[in-house]
Each structure stands twice: as C-alpha cells, then as structure tokens.
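1. Predicted coordinates and the sequence they were generated for:
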Amino acid sequence: MAKPGYRVFDTQVAQITRMSPHFVRVTFRSDDLRELGWDGPDQRIKVVLPLASSGYDHVPFEGDWYSAWRALPDERRNPIRTYTIREARPAAGELDVDFVAHGDSGPASRWIGTAKPGDRLLVIAPDATSEEESGGWEWRPGAAGTLLIAGDETAVPAVGAILEQLPDDSRGAVFLEVPEAADALELRGPSGVAVHWLARDAAAHGHDGEPGYGARLVEAVTAWADAWVAADPAAAAVPAAAPATARELPALDDDDLVWEAPAAADDGGVYAWLAGEATAITTLRRHLVKGLGVDRRRVAFMGYWKLGRAEG
C-alpha cells in the first residue's frame, strides 16, 4: 500500500515573532520536519490544536487519520485549522507559519495568544517521502503575461510565498486588505508586480452587514480590472488555452466554501488568484468573469473562510 501524500508531523515551537499588530510568525522545529514536502507556493497545511483537558492524547496518527478523527466524540476531537506554509527549511527541520491574531475568537487565536517556545503542535502536511500527489495548492499561472493577486489577511502568507517564487520578469498587481495600516508587511517580489496594501476602514460599508470588511479590496481590485480591460479590451476576451478542469479541494469542515482552481494556461493572457473571505472573493470573481468577460479558466478563487461563521 502506497504511503499517503500527507502525514502528521510532531513539532515544537522554536521561535515566535510578532511582525505587526495582527501577524505573528511561529517557527516550528523537529526532526520530523526533515521529511516535509512543499509542492506549491500556496501550499495548505493543517494545524492540530491541543485540547485543554487532554492535549493530544486522542489524536490518530496512523492510517486514515481523518476518518478516525471525525469518528471521535466531540469532547475528544482536537480542533484542526488550515494554514499556509510561509517558509520551509526541511534540511534544518524547520517550518514557518504566519498566524493572524484576533484575540480569543477561536481555538487558533487563543493558542497563538498563549504559545511559547517549547510548546508542542501537530501539523498535517505533505510527506516528501511519499510518491502520492499531495495536492493542497492552487497557484498555477502557466505562461500568464499579467498576474492579478488579491486577498485579505488570511491570504497574506500565501501571497508572500508566491511573490518570492515569481520569475523576475513577472508583471501584474497585488491587492491585500488587512485590519490596519501597521499590518502592511515587507514582501519581496519582482519589480514589475506592484503590491497595494489596503487598511480596512471601519466606517465603510462592507459585506453581510459587517462595516468595512472586504469593501476596500473589492473597490480596489474592481477599479484595477476595469482600467486593465479599458486599456486592452481584447485581453479579457481571449479564451484560456488550457481545458476547463476545475479542481474542488474542500478543507476540513469547510465544505460549503466557494472554491475553483483551473489548470494552467499556456498562453500569455491574464491569470487571477483570489483568496480570502468567501463573499468578497466571489464578488471579485463574478465581476471578472460576468462583468468583464474574463475566461473563468483564468481565475482561481478560494474562499478561505466566511464572514459571520464562527471559527469554532
């Protein structure tokens, strides 16, 4: 029987770095991580959070761990949340994960609020020693000549990794909405890809009745896309060369989130990667595809979470 593409890695917190009011980088270290795989720049992983009463006593490590985890009684089922690899150094047995700190709004936020070096954390991630495809990543720009990248704070770690891995001659624009201006991080990328940080304005009207949330992102990306099509009306009408093979990759407990990731196109058209709160991301995708006529096979959109639904 082939080894699964994912496995449970047993790690310890090595370092905690607060990068801004809402971004905290945690460096994990263990010999286990020498077998960590990182197949795409926006590689998703799962973190298994400890239970206050029993830690990790009931976590299934072997075989079909997911089915075994789902079968546990609620009080013995550890919370699992999805994050993105920000940086991995398998040779050193190290992994960096950027967390968004929002007080005690959920188990992950509560954990990051009290975490300290030496704490144990289980991570479910690709196994580099497996021949099975890991999946869990969506960035496939192919030979795109123009890149449009947009998201909220939950997408910032993936976007940071994407930018660092882009070819030097890449061109396009990045839009990132974050809670406040001080959350704008220093991201490294090609000079031809402009990065725009959008501090959330609590006074603006956002989606689902929440003041401000997603409003600035939708406004800025829509304006950029409209100007791009106005400058080159034929660009949006160019069909993608790749077949329409959208891949549905639902995250744990997130089966109702919007998600579509097309295969890479081999021409020089536009490629859009949109990730973050589901309503804002769906709004942007609808404007590109239905409003401007961009081929849907050029737009990857991932609803990482949904406003109004508790983290749990």
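-> That came in fine, so what should we check first?
2. tell me which helix or strand of this structure sits lowest on mean pLDDT?
-> helix 233-237 (a mean of 74; mean pLDDT, DSSP states H and E).
3. So for the following helix or strand past that helix, mean pLDDT?
-> Going down the chain from helix 233-237, the next helix or strand is strand 259-260, by DSSP states H and E. Taken as a whole, strand 259-260 has a mean pLDDT of 88.
4. Isn't Val48 up against Pro60?
-> No. With contact defined as Cβ atoms under 8 Å, Val48 and Pro60 do not form a contacting pair (10.3 Å). In this view, the C-beta of every residue, glycine as well, is placed from N, C-alpha and C.
5. More neighbours: those two, which one.
-> Neighbours per residue, other Cβ atoms under 10 Å: of Val48 and Pro60, the larger number sits with Val48, 20 against 16.
6. quick one: average pLDDT of stretch 70-84?
-> 91.
7. Can you give the distance of that stretch from its chain's centre?
-> 19 Å (Cα atoms, centre = their mean, to the nearest Å).
8. ok, and what's touching it?
-> Residues outside stretch 70-84 that contact it (Cβ atoms under 8 Å, 6 or more residues apart in numbering): 42-51, 53-54, 56, 58-60, 69, 97-99, 106-108, 122, 124, 157-158, 161, 251-254, 304, 311-312.
9. change it to 6 Å
-> Residues lying outside stretch 70-84 but in contact with it, judged by Cβ atoms under 6 Å, 6 or more residues apart in numbering, are 44-49, 51, 58-59, 97, 107-108, 157-158, 251-252.
10. now do stretch 4-12
-> By Cβ under 6 Å, 6+ apart, stretch 4-12 touches 28, 30, 32-33, 61, 120-127, 130, 132-134.
11. Any chance of a PyMOL selection covering the buried ones in those residues?
-> Buried members of these, defined by 16 or more other Cβ atoms under 10 Å, are picked up in PyMOL with:
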select buried, resi 28+30+32+33+121+122+123+124+125+126+127+130+134
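12. Give me the subset of the contacts of stretch 4-12 lying in strands.
-> Among the contacts of stretch 4-12, DSSP state E puts 28, 120-126 in strands.
13. Helix or strand: which one has Asp98?
-> strand 94-100.
14. Quickly list what the closest residue to Ala194 other than its chain neighbours is bridged to.
-> Once flanking residues are discounted, Ala194 sits nearest to Ala173: 5.1 Å by Cβ to Cβ, 6 or more residues apart in numbering. Beta-bridge partners recorded for Ala173 (DSSP bridges): Leu148, Ala194.
15. Would you agree Ala173 is in contact with Gly192?
-> No. Look at Ala173 against Gly192 with Cβ atoms under 6 Å: they stay out of range, at 9.7 Å.
16. So for the two, which residue has more residues nearby?
-> Ala173 (19 against 15).
17. Relative to Trp273, how far out is the more buried one?
-> Distance from Ala173 to Trp273, counting by Cβ to Cβ, to the nearest Å: 11 Å.
18. Kindly report the same for Ala265.
-> 13 Å.
19. Of those two, which one has the most company?
-> Between Ala265 and Trp273, counted using other Cβ under 10 Å, Trp273 has the larger neighbour count: 26 against 23.
20. going on from the helix or strand encompassing Thr279, what's the next piece of helix or strand?
-> For Thr279, the host element (DSSP H and E) is helix 278-286. Note on helix 278-286: by DSSP H and E, the next helix or strand toward the C-terminus is strand 299-305.
21. Packing partners of the longest helix along the chain?
-> Taking DSSP state H as the criterion, the chain has its longest helix at helix 215-231. The contact analysis (3 or more Cβ pairs under 6 Å, 6 or more residues apart in numbering; DSSP states H and E) places helix 215-231 against strand 172-178, strand 193-199, helix 278-286.
22. got the CA coordinates for the last one in PDB?
-> Coordinates of each C-alpha in helix 278-286 appear next as PDB, following Å, rounded to 0.1, in the frame of the first residue of the first chain:
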ATOM      1  CA  ALA A 278     -15.800  33.900   0.600                       C
ATOM      2  CA  THR A 279     -18.300  36.700  -0.100                       C
ATOM      3  CA  ALA A 280     -15.700  39.300  -1.100                       C
ATOM      4  CA  ILE A 281     -13.800  36.700  -3.300                       C
ATOM      5  CA  THR A 282     -17.000  35.600  -5.000                       C
ATOM      6  CA  THR A 283     -17.900  39.200  -5.700                       C
ATOM      7  CA  LEU A 284     -14.500  39.800  -7.400                       C
ATOM      8  CA  ARG A 285     -14.700  36.600  -9.400                       C
ATOM      9  CA  ARG A 286     -18.200  37.500 -10.600                       C
END
